[in-house]
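*Asks:* Pasting the sequence and the predicted coordinates here, then a few questions.
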Amino acid sequence: MLCLQSLYYTISSITIFIFFTIINFSRNLSYIFNTKSYFNGDHALFYIFFINILNSIIMSYPIKLIVKRAKKCLDYVLSYNIIHFILSVLVSGFPISWLWYISFFFNIILCVLISEYICYKEEMKEININNIKI
């Protein structure tokens, strides 16, 4: 679990750094723990919304590598997102915007669906038994 949490924050930090360097915005780690609405007129927060969607898509592959089972993807994604929610509340305060909650749950659902699909495709591969001697 600690591995997924570390990967989540590493991927978030890298994507924020790269994206905000390209568009010439100030880079700040507080964007990772943002609990403000993404749609209140601040362009940086609006970009963070799309960065979080990108992070959900990127996190699906490490989940496949670590979890390896489609049935367990939901548990792991919920676990690291609940920890992220708690840390965000401690750092930035309790979120009051319903749009923040919608985007938070959308990112969870997106990551769960993609990671379960990737794991399911891996589980459904044929097992090669040509090398077994009887």
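*Replies:* Looks like it came in fine.
*Asks:* where in this structure is pLDDT low?
*Replies:* In the predicted model of the chain, residues 39, 131-134 satisfy pLDDT under 70.
*Asks:* any idea which residue sits dead centre in it?
*Replies:* Nearest to the mean C-alpha position of the chain, counting by CA atoms, centre = their mean, stands S56 at 3.4 Å.
*Asks:* I figured that one was touching F105, is that so?
*Replies:* No: the pair S56 / F105 is not scored as a contact, 11.0 Å apart, by CB atoms under 8 Å. To be clear about C-beta, it is placed using only N, CA and C from the backbone, and glycine gets the same treatment.
*Asks:* OK, contacts around I11?
*Replies:* N55, I58, M59, P62 (CB atoms under 8 Å, 6 or more residues apart in numbering).
*Asks:* can you tell me the helix or strand for it?
*Replies:* Per DSSP states H and E: I11 is located in helix 2-22.
*Asks:* wait, what's in contact with the residue nearest to the centre of the chain?
*Replies:* Residues near S56 by CB under 8 Å, 6+ apart: N107, I108, L110, C111, I114.
*Asks:* Got phi/psi on it?
*Replies:* Backbone geometry at S56, expressed as degrees, to the nearest 10, gives phi -60, psi -40.
*Asks:* From I11, how far out is it?
*Replies:* To I11, S56 is 10 Å away according to CB to CB, to the nearest Å.
*Asks:* Return the set of buried residues in stretch 98-107.
*Replies:* The neighbour-count check on stretch 98-107 (16 or more other CB atoms under 10 Å) flags W100, S103, F104, N107 as buried.
*Asks:* now, which of those residues lie within helices?
*Replies:* The helices, defined by DSSP state H, take in W100, S103, F104, N107 from those.
*Asks:* Out of these, which comes closest to E122?
*Replies:* Using CB to CB, N107 is the member of these that lies nearest E122, at 22.6 Å.
*Asks:* picking that back up, kindly reformat the contacts of I11 as TSV containing distance to N128 and secondary structure.
*Replies:* Output for the contacts of I11, formatted as TSV (distance: CB to CB, whole Å; DSSP: H, G, I helix; E, B strand; the rest coil):
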residue	distance to N128	secondary structure
N55	35	helix
I58	30	helix
M59	30	helix
P62	26	helix
